[in-house]
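Engineer: Sequence plus predicted model, see below.
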Amino acid sequence: MDEAARKIGGTIARLHNAGICHGDLTTSNMMFRDDSADLVLIDFGLAFMSSSAEDKAVDLYVLERALLATHPNSKALFDGIMENYARTSTKGEEILARLVKVRARGRKKSMAG
């Protein structure tokens with residue numbers, strides 16, 4: 001799991017460093033190559049270019065919600081992904097701080113209906 005978290009976090013950070021938001025970060029859109037175990041992201045149909053910490057935090061929030069919904073015991077995995085994301089991202093601290101705000105809005109929205 002540590003290696004998967006390292007690869008997922010690093011890959012997403014490099015994507016964000018290039019100014020690309022995936023738009024649909026789920027485990028269904030991640031594949032590990034058999035020959036090299038490299039992580040490949042697929043389905044960029046909702047992707048867009050952005051330098052906004054908000055947009056990148058929303059990308060991470062989508063991944064977090066998808067992981068927890070489909071893999072209920074994946075909190076440790078997500079924490080590892082975020083740790084590796086922060087190490088690789090050029091603006092990791094800012095984006096992870098924004099993720100806290102995005103989560104708070106998401107919880108308020110789900111409580112309101």
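Structural biologist: In hand now; what should we look at?
Engineer: Which of the helices or strands spans Ala4?
Structural biologist: helix 2-17 (DSSP states H and E).
Engineer: how far out from the middle of the chain is the helix or strand just after that helix?
Structural biologist: Under the assignment DSSP H and E, the closest C-terminal helix or strand after helix 2-17 is strand 20-21. Once both centres are worked out by CA atoms, centre = their mean, to the nearest Å, strand 20-21 turns out to sit 11 Å from its chain's centre.
Engineer: how big is the angle separating the helix or strand of the chain at the bottom of the mean pLDDT ranking from helix 2-17?
Structural biologist: None of the helices or strands of the chain scores lower by mean pLDDT, DSSP states H and E than helix 92-112, at a mean of 83. With axes from the mean of the first three to the mean of the last three CA atoms, to 10 degrees as the basis, helix 92-112 and helix 2-17 are set at 100 degrees to each other.
Engineer: list the buried ones in helix 92-112?
Structural biologist: Of the residues in helix 92-112, 92, 95-96, 98-99, 102 count as buried by neighbour count, 16 or more other CB atoms under 10 Å. Yep, even glycine has a C-beta here, placed from its N, CA and C like the rest.
Engineer: Okay, now the unreliable bits of the protein?
Structural biologist: 1, 107-113 (pLDDT under 70).
Engineer: residue contacts, the residue positioned nearest the centre of it?
Structural biologist: Residue closest to the mean C-alpha point of the chain, counted by CA atoms, centre = their mean, is Leu60 at 3.3 Å. Residues near Leu60 by CB atoms under 8 Å, 6 or more residues apart in numbering: 12, 25, 82, 85, 95-96, 99, 102.
Engineer: Distance to Gly19 added to the residues you listed, as TSV?
Structural biologist: Shown next, in TSV, are the contacts of Leu60 (distance: CB to CB, whole Å):
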residue	distance to Gly19
Ile12	13
Leu25	16
Met82	20
Tyr85	16
Ile95	13
Leu96	18
Leu99	18
Val102	19
